[in-house]
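[1] A structural model of the following input is requested.
(one chain, ligands or ions: 2)
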Amino acid sequence: MNLLVTGGAGFIGSNFILYWLKKYPQDKILNLDKLTYAGNLENLKSVENNPNYNFVKGDICNLSLVDSLIKKYNIDTIVHFAAESHVDRSILDPAPFIKTNIEGTYVLLEAALKNKIKRFHHISTDEVFGALPLNSKEKFNEKTAYNPRSPYSASKAASDHLVRAYYVTYGLPITISNCSNNYGPYQFPEKLIPLAITNIIEGKKVPIYGDGLYVRDWLYVEDHCKALDLILHKGKVGETYFIGGLTKDIPNIEVVRKILKIMGKDESYIEYVKDRPGHDRRYAIDWSKINRKLSWKPEVDFDTGLKLTIDWYLKNQDWWKKIKSGEYQKYYQKQYQK
Ligand code: NAD
Ligand code: DAU
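    Numbers count the residues shown, from 1 in each chain. Ligands and ions are numbered 1, 2, ... in the order given. Alright, predicted model coming up:
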């Protein structure tokens, strides 16, 4: 395959590129990334000299650039990760979310159509389905109605609708995956798990929004990459697949308690702070369709995944300390010191 990976310098995109080049060394990957605050080429140091890997710094909203790259690199498959991805930033300023997540996806779809791309895979999120009540057995599945509640999830919902519309209207060969909260190496330390781990290493408190009883469905990033691999090789065009983890309704406060326990610290590190506006109470994913159709299931249980992740952040302190000493400080002040 000749893949165009968008947003490959981010958390999941870089994990995907490293996974793919190891498993399919004969395939070629072009990584198109704007290198926003979340993009980091250090994630890809180990492959930068691989002749089957190329990187172009650029914006997915630039149609002539995307069109020329698809032609130049003879791209047959697009794997679209690029997005503004952090809910709290979307609340502070929705503009880049509307631009990249909606307009950027539209530009990629246009270029894909024009160049007769064989597969356009769109990476989306469970957040587009809104919030489930606590203490219920309800889960999101492929039939759940869209109900986004933050500027981030609304922009991702719009992008999902566009992708599906290009399949229905123009016959573009698409697949979509909606997945739950990823965690693992190279995650930007604005998200709960890496924020907690790195704050603890720095001797700082971990901010817990509201009552801390919000629930997420945690998925180790490598399991996500394996699901994408199956969808790209065996998935049915036009279909949507839900990807979720092995956690069973674990509240945020318990996630942080687990991290503290593994790191040998006590609960004095926990600090309850003002809640996120419009905070979605609970997410849970029914991943039985991808299990039935493509034989995928998550393999890494939460305790193992957390240990692997904590270990990675302990061993790669230069990686996140550089990030935390830059633009991040301004964001952190704005977000947490109001
Ligand atoms: P991330 O924020 O870590 O990385 C996003 C990447 O996209 C960065 O490298 C950034 O530079 C790049 N980018 C942003 N705007 C761009 C533009 N206009 N042109 C080109 N590149 C641009 O995000 P992530 O956590 O790796 O998420 C990747 C995808 O997965 C997103 O689409 C996100 O919505 C989705 N997703 C993430 C999670 C999660 O838990 N992280 C869960 C479900 C779905
Ligand atoms: O569900 C998939 C989504 O998961 C992805 O689409 C998003 O790109 C990704 O950012 C993530 O969104 P969340 O908002 O769920 O992730 P975040 O790590 O920001 O927050 C996880 C939970 O922890 C959520 O309930 C909010 C809470 N939280 C978060 C932060 C950053 C805190 O209590 N304190 C914090 O400081």
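[2] Could you give the number of residues near the closest residue to Val47 other than its chain neighbours?
    Distance criterion CB to CB, 6 or more residues apart in numbering; nearest residue to Val47, sequence neighbours excluded, is Tyr53 at 4.8 Å. C-beta: built from backbone N, CA, C; applies to glycine. Burial of Tyr53 is recorded as 21 neighbouring residues (other CB atoms under 10 Å).
[3] Report the separation between Ala196 and Val163.
    Using CB to CB, to the nearest Å, we find Ala196 at a distance of 33 Å from Val163.
[4] more crowded one of these two?
    Using other CB under 10 Å, the more surrounded residue of Ala196 and Val163 is Ala196, with 27 against 24.
[5] contacting residues for that one?
    By CB atoms under 8 Å, 6 or more residues apart in numbering, the contact set of Ala196 is 206, 255-256, 259.
[6] Lowest-scoring secondary structure element of the protein by mean pLDDT?
    helix 328-336 (a mean of 93; mean pLDDT, DSSP states H and E).
[7] what about that one, distance to the chain center?
    Put simply, helix 328-336 sits 21 Å off its chain's centre (CA atoms, centre = their mean, to the nearest Å).
[8] same thing with stretch 317-327?
    Centroid separation for stretch 317-327 versus its chain: 20 Å, with CA atoms, centre = their mean.
[9] List of residues touching it?
    For stretch 317-327, using CB under 8 Å, 6+ apart, the contacting residues are 37, 40, 42, 186, 188-189, 194, 198, 201-202, 313, 332.
[10] do that again at 10 Å, thanks
    Contacts to stretch 317-327, defined as CB atoms under 10 Å, 6 or more residues apart in numbering, come from residues 36-38, 40, 42-43, 185-190, 194-195, 197-199, 201-202, 312-313, 328-329, 332.
[11] Can I have the buried ones of those residues as a ChimeraX selection?
    Buried subset of the contacts of stretch 317-327, written as a ChimeraX selection, criterion 16 or more other CB atoms under 10 Å:
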select :36,38,40,43,185,186,187,188,189,190,194,195,197,198,199,201,312,313,328,332
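[12] could you pick out which of the contacts of stretch 317-327 are near ligand 2?
    Counting by CB under 6 Å from any ligand atom, Leu195 from the contacts of stretch 317-327 sit close to ligand 2.
[13] Just the buried positions in whichever strand or helix holds Ser14, please.
    Following DSSP states H and E, one finds Ser14 within helix 11-23. Across helix 11-23, burial judged by 16+ other CB under 10 Å covers 11-21.
[14] Quickly find the element holding Val66.
    Secondary structure (DSSP H and E) places Val66 in helix 63-72.
[15] just to revisit the earlier point, for the least confident helix or strand of the chain, list the C-alpha coordinates in CSV.
    Output of helix 328-336 as CSV, limited to C-alpha atoms (Å, rounded to 0.1, in the frame of the first residue of the first chain):
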residue,chain,number,x,y,z
TYR,A,328,2.0,24.3,27.2
GLN,A,329,2.6,26.5,30.3
LYS,A,330,0.4,29.3,29.0
TYR,A,331,-2.4,26.8,28.2
TYR,A,332,-2.0,25.2,31.7
GLN,A,333,-2.3,28.6,33.4
LYS,A,334,-5.4,29.5,31.4
GLN,A,335,-7.0,26.1,31.9
TYR,A,336,-6.3,25.4,35.6
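[16] so what secondary structure elements neighbour that helix?
    Here helix 328-336 touches helix 87-92, helix 192-201, strand 206-209, strand 270-273, helix 317-324, going by 3 or more CB pairs under 10 Å, 6 or more residues apart in numbering; DSSP states H and E.
[17] Put together a markdown table for the ones you listed, with distance to Val107 and mean pLDDT on each row.
    Shown next, in a markdown table, are the helices and strands packed on helix 328-336 (distance: least, CB to CB, whole Å; pLDDT from 0 to 100):
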| stretch | distance to Val107 | mean pLDDT |
| --- | --- | --- |
| helix 87-92 | 20 | 97 |
| helix 192-201 | 30 | 98 |
| strand 206-209 | 34 | 98 |
| strand 270-273 | 38 | 98 |
| helix 317-324 | 28 | 97 |
